[in-house]
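> The sequence isn't on hand, but the structure is:
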C-alpha cells in the first residue's frame, strides 16, 4: 500500500514549456486535490475532484488544467509555464475525514 | 469562501514548556477541524483533528479545543521537545461542495533545547 505518490519529484521548466504532474493513490479514495505551496505560506487549492470523471476549480486555478480519467489518478497540467508557477505542488486524497498527502513535486520555472 | 487566520506566525519556547496556537475561521458551517505538522521539505501530516460535536480532544502531549460559537480552535502542545519544531497548519473544512480544507498561513514553532 503506497498511499499517495507523485511523479516527478523535481522538475525545471523554461517559460512557455508545458508539463503534466501525475498523482496516484491506491486507497480507492473518491476525493482528490491539487495544492501549491509557496515559500513561507500555507497550501492553496488549485483544483479538486469528487470522483472519477469530475473536476472543479479551487482557489487558484488560473494557468492549470486537470483530468481524472481513472479513479486512482489525478493529473495536473501546465500548458504554458510561467515563473509565477514556481512552487511545491502537493496532491492529496480523502475518503472520510483524514486527507492524505503525497510527497510533493518541486517545480522551478526559469 | 472560508477565511482562516492563525496566530502567532512564529513561536519560540524552551524545551519542556507548553505551546498554544490559535486558528480563527469564518464559515459557520465548518464541521471538521484538523491540525497538520510539516517538517522542512516534507509533506503535511495530520497530528490531531476534532469534529464539531466535540469540544476537546487529547492525544498524549497534544490537544485540540474547539469553540464553535466564537469560531476558533486551538492546538495545545505540552512538555515540548526539540522534535516538535516544525510548521503547524490549521485547515478547517467548510460547508462546501468539495469538502475542501482551507489552510491557515502556518505557525513556525521553534523548541530550544
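Thanks, I have it. Nothing here was measured: the structure is a model prediction, and the numbers come from that model.
> going forward, measure contacts between C-alpha atoms and count neighbours the same way
Noted.
> For the closest residue to chain A within chain B, which non-adjacent residue is spatially closest?
The nearest approach of chain B to chain A comes at residue B:105, 4.6 Å away (C-alpha to the nearest C-alpha). Closest residue to residue B:105 apart from its sequence neighbours, by C-alpha to C-alpha, 6 or more residues apart in numbering or on different chains: residue A:42 at 4.6 Å.
> That neighbour: neighbour count?
By the criterion of other C-alpha atoms under 10 Å in any protein chain shown, residue A:42 has 21 neighbours.
> for it, what are its contacts?
Contact analysis of residue A:42 by C-alpha atoms under 8 Å, 6 or more residues apart in numbering or on different chains lists B:89, B:103, B:104, B:105, B:106.
> what sits up against the helix or strand residue A:22 falls within?
Take DSSP states H and E as the rule and residue A:22 turns out to sit in strand A:19-25. Strand A:19-25 is contacted from outside by A:2-8, A:72-79, A:91, A:93, A:102, using C-alpha under 8 Å, 6+ apart.
> The closest residue to residue B:44 other than its chain neighbours bridge partners, please.
Ranked by C-alpha to C-alpha, 6+ apart and with sequence neighbours excluded, the top spatial neighbour of residue B:44 is residue B:38, at 4.5 Å. Going by DSSP bridges, residue B:38 is paired in beta bridges with residue B:87.
> interface residues of chain B facing chain A?
For chain B, the contact set with chain A under C-alpha under 8 Å from any C-alpha of the partner chain comprises B:32, B:42-46, B:89, B:98, B:102-106.
> Next, the buried residues of the strand holding residue A:22.
For strand A:19-25, burial by neighbour count (16 or more other C-alpha atoms under 10 Å in any protein chain shown) applies to A:21, A:22, A:23, A:24, A:25.
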